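In: model the structure of this input:
(2 chains)
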Amino acid sequence: MALITKKPKGTEDLIPSESYRWQFVEKIFHEEAAAYGYSEIRTPVFEHTVLFERGVGNTTDVVQKEMYTFVTKGGDSITLRPEGTAGAARALLEHGLFNNPLPVKNYYLTSCYRYEKPQAGRLREFHQFGMECYGTKDPAADAELITAAKAIFDRLQIRDLRLEINSIGCPECRAEYHKALTEYFAAYRDELCDDCKDRLERNPMRLLDCKVEHDHKIAEGAPTVLDYLCDECREHFEGVKAYLDANGVAYTVNPKIVRGLDYYTKTVFEFITDSIGAQGTVCGGGRYDGLIEELGGNPMPALGFAMGIERLLLTIDAQKIVIPRPHRFDLYIGHMGDQAHLKASALAAALRTAGVKAGFDIVGRGLRAQMKFADKIGAAYSVILGDNEIAEGKAMLKNMKTGEQTEIALDADAFIEAFTSIKLNDDFKETVE
RNA sequence: GUGGGAUUAGCGUAGUCGGUUAACGCGCCAGUUUGUGGCACUGGAGACCACCGGUUCGAAUCCGGUAUCCCACCCCA
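Out: Predicted coordinates for the structure are as follows:
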């Protein structure tokens, strides 16, 4: 094949043999979000660059080196969204959604773009499902959000996922902590790895989870955020834990959890799996009480999370969780002869109108080959139409799994009735392509 | 951005001290006599051996570069 070009680096095609798996998890996203009172919001793939510079934070890696930014013919600086929160928050403000009864709960299901070096669980175009809740400071809201994420994992039967939570405080107490942290590490400056020397300037909390062994040891003696939380933040964090306990959601407190985006305050959390390699954070989120104000709105507390759909699917794969694959046809109509071909066409059309997935040969195969085809694509039932059937006005409906055949009137209504009752049968639903 | 590994038909692979029409399995198509699938058998289509360049009488096999994928760092979902 002399294909003129391949797909761009770090992107993926979603082909039919994969797309049903996405549809499966997407359905769960929609249903779980609805159960928690969330409504879908869709925003543009691209935004004015300034939105991310302000919303995500100018000093973050995401903004500094990973954005797809370009200047339009009109001279505007535009950026492909690297995450979902900024756009969702912008839309909330732009449409005055904060005037709706609080809390406002929105969710999104979108593609995101980051100019990164691809590896397992990390793509340049990837997809996130996120839930965003605005207008409440109540720690019960934090716990509710985390519980919602947990509910999704539970429905997918994902195991061995650990939930780690932390509080990184409000700007006031965090500033003090940063100071203490910087002072602590500055004493070891010469011993730190190059990355950490840089982190010391840009984001001291990142020093805490350095993987270089020597640095790791130094970090063990570092002051903990939790010791620096102000009364309000401490009380809030205690509340979150209490509500999580009440909800029966297991977690561990990990004071080394940091979020990479500037907007986070107080609660931060991650759902992590060890089964998909180094990029094991399947879901990350927390509270960002300062974001709305940062974007030019009146101050309003907010919180949310984002789930990486590719990573979620990777986890499902790794844990060998089977997503049922829908079969292509409920009924395949085999036919021979011109009369029967016409009849097959008409019958299929009538069944489809009634919601039955029906098909018949349209490539000119012989009967034997038609049956082979029906078998290969996993048709649940088949029926054969020929001169005899048309003359007698009846045919044999064959269950492709068991091979048993039952007589049925050659009449669209009779077929529709048969398939309406068959649909209630679980065994039928399990048929896969 | 920094390291390491890989790249042969749709998929999974074999083939390298360079030598005639690149092999196998799965999948795909057709057929195995006249109206029926899952097994088996027969036949067939499908690869400029990632790309570009070099060495050579001759390269999938050697050398260089590029691209993409994978793994890790970094970062994050």
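
In: what residue in the stretch 251-400 of chain A comes nearest to RNA strand B?
Out: The stretch 251-400 of chain A approaches RNA strand B most closely through A:Gly260 (1.7 Å), counting by Cβ to the nearest atom of the strand. All C-beta spots, glycine's among them, are computed from the backbone N, C-alpha and C.

In: go ahead and confirm that residue touches A:Gln64.
Out: No - at 11.3 Å, A:Gly260 does not count as touching A:Gln64 under the criterion of Cβ atoms under 8 Å.

In: what about the strands in the stretch 1-150 of chain A?
Out: In the stretch 1-150 of chain A, the strands defined using DSSP state E, counting those that start in this stretch lie at A:39-40, A:46-48, A:68-71, A:77-80, A:104-113, A:125-134.

In: could you dump those strands into CSV with mean neighbour count and mean pLDDT added?
Out: Shown next, in CSV, are the strands of the stretch 1-150 of chain A (neighbours: other Cβ atoms under 10 Å; pLDDT from 0 to 100):
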stretch, mean neighbour count, mean pLDDT
strand A:39-40, 12, 98
strand A:46-48, 17, 97
strand A:68-71, 14, 94
strand A:77-80, 18, 96
strand A:104-113, 21, 97
strand A:125-134, 24, 97
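
In: out of the ones you listed, which comes closest to RNA strand B?
Out: Nearest to RNA strand B among these is strand A:125-134 (3.5 Å), distances taken as Cβ to the nearest atom of the strand.

In: so which residues on the stretch 101-250 of chain A come close to RNA strand B?
Out: Contacts of the stretch 101-250 of chain A with RNA strand B, taken as Cβ under 7 Å from any atom of the strand, map to A:114, A:116-123, A:126, A:128, A:195, A:199, A:206, A:210-212.

In: just those residues: which are in helices?
Out: Secondary structure from DSSP state H places A:Asp195, A:Arg199 of those in helices.

In: buried members of the residues of the stretch 101-250 of chain A next to RNA strand B into PyMOL, please.
Out: With 16 or more other Cβ atoms under 10 Å as the burial test, the buried ones among those are selected in PyMOL as follows:
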select buried, chain A and resi 114+116+121+122+123+126+128+199+206+210
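
In: what residues does the stretch 301-433 of chain A have near RNA strand B?
Out: For the stretch 301-433 of chain A, the residues in contact with RNA strand B (Cβ under 7 Å from any atom of the strand) are A:306-308, A:310-311, A:334, A:336, A:363, A:365-369, A:371-376, A:382, A:384-389, A:395-396, A:398, A:400-401, A:403, A:405.

In: of the residues you listed, which belong to helices?
Out: By the criterion of DSSP H, membership of these in helices covers A:310-311, A:367-369, A:371-376, A:387-389.

In: can you lay out those as a markdown table showing distance to A:Val268?
Out: What follows is these, written out as a markdown table (distance: Cβ to Cβ, whole Å):
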| residue | distance to A:Val268 |
| --- | --- |
| A:Glu310 | 22 |
| A:Arg311 | 18 |
| A:Leu367 | 64 |
| A:Arg368 | 63 |
| A:Ala369 | 59 |
| A:Met371 | 58 |
| A:Lys372 | 56 |
| A:Phe373 | 54 |
| A:Ala374 | 53 |
| A:Asp375 | 53 |
| A:Lys376 | 50 |
| A:Asp387 | 72 |
| A:Asn388 | 71 |
| A:Glu389 | 67 |
